[in-house]
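>>> need coordinates for the below:
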Amino acid sequence: MSLKFQRIGMLGGTFDPIHLGHLRSAVELHEALSLDQLHMIPAQQPPLRDQPQVSARQRLALLKAGIGDTPGLLADDRELLRDGPSYSTDTLAELRAEYGENTRLVMVIGFDAFLRLTQWHQPARIFEFAHLVVIARPGYGDPLPAPLMELVEHRVVDSVEELMQRSCGGFLSLELPSLMAISATYIRKRLKAGKSVRYLVPPPVEQAIARYGLYQQCE
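Reported below is the predicted structural model:
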């Protein structure tokens, strides 16, 4: 009988604010990868984008409100406890130390973030700690940039089962069933204009945004 190792996922982002697209993707990732836990980790200061308009603590509170009691999803504040930029390799190193060497650790990113992966801090080190799963963009057929291809081509696997044979080092492109084209930028613009975000964010998130007057001055 084969051993069953724990499966842990990491899904980072600004979550500025958390919306139903984020949360539906998280639920589907939890199912598709058969994860025991998916850590949703807000970034303190994303190195490759502008500082979010609301505080990290407010974004964490909205994330917790959005997750609620959803099984298998965890709002993780570890990057908010650090000073300076939020580097994924530091977070993965922490998770690996916590869960042990045999745990199947998976970092999940969206396709747009994946296209910028070679600009990240020490991107090759990601694979020392975890697998990388990219949420595929249906219909995208352009070849990947050469530096990105060099980084991942020898790590590609074709299935979740193959990915989980090892604790780290693999690369999988994964299509999720629900394609929810919801943008945090769009939500912020609607909030600034005083328009409804009903059915774009969970009701507790909508209520918290209204209660604290968040995103009223955002660009």
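>>> need the pLDDT of D142.
On pLDDT, D142 comes in at 78.
>>> and A124, how far is that from L132?
Distance, A124 to L132, by Cβ to Cβ, to the nearest Å: 11 Å. All C-beta atoms are positioned from the backbone trio N, CA, C, and that covers glycine.
>>> those two: which is more packed in?
L132 (24 against 13; other Cβ atoms under 10 Å).
>>> thought the more buried one was touching G110?
No - here L132 does not reach G110: they are 11.9 Å apart, not a contact under Cβ atoms under 8 Å.
>>> contacts only, for F15.
H22, M40, P42, R59, L62, L63, A184 (Cβ atoms under 8 Å, 6 or more residues apart in numbering).
>>> from those residues, which land in strands?
If you go by DSSP state E, the contacts of F15 have M40, P42 in strands.
>>> farthest pair within the contacts of F15?
Across these, no pair lies farther apart than M40 and A184, at 13.9 Å, counting by Cβ to Cβ.
>>> more neighbours: those two, which one.
Between M40 and A184, counting by other Cβ under 10 Å, M40 is the more crowded of the two (25 against 20).
>>> report how many residues lie close to the residue lying closest to the more buried one once chain neighbours are set aside.
Once flanking residues are discounted, M40 sits nearest to L11: 5.2 Å by Cβ to Cβ, 6 or more residues apart in numbering. Here the number of neighbours of L11 (other Cβ under 10 Å) works out to 24.
>>> note down every partner strand of the helix or strand where L11 lies and its orientation.
Assigned by DSSP states H and E, L11 belongs to strand 7-13. Using DSSP bridges, strand 7-13 pairs in its sheet with strand 37-42 (parallel), strand 104-110 (parallel).
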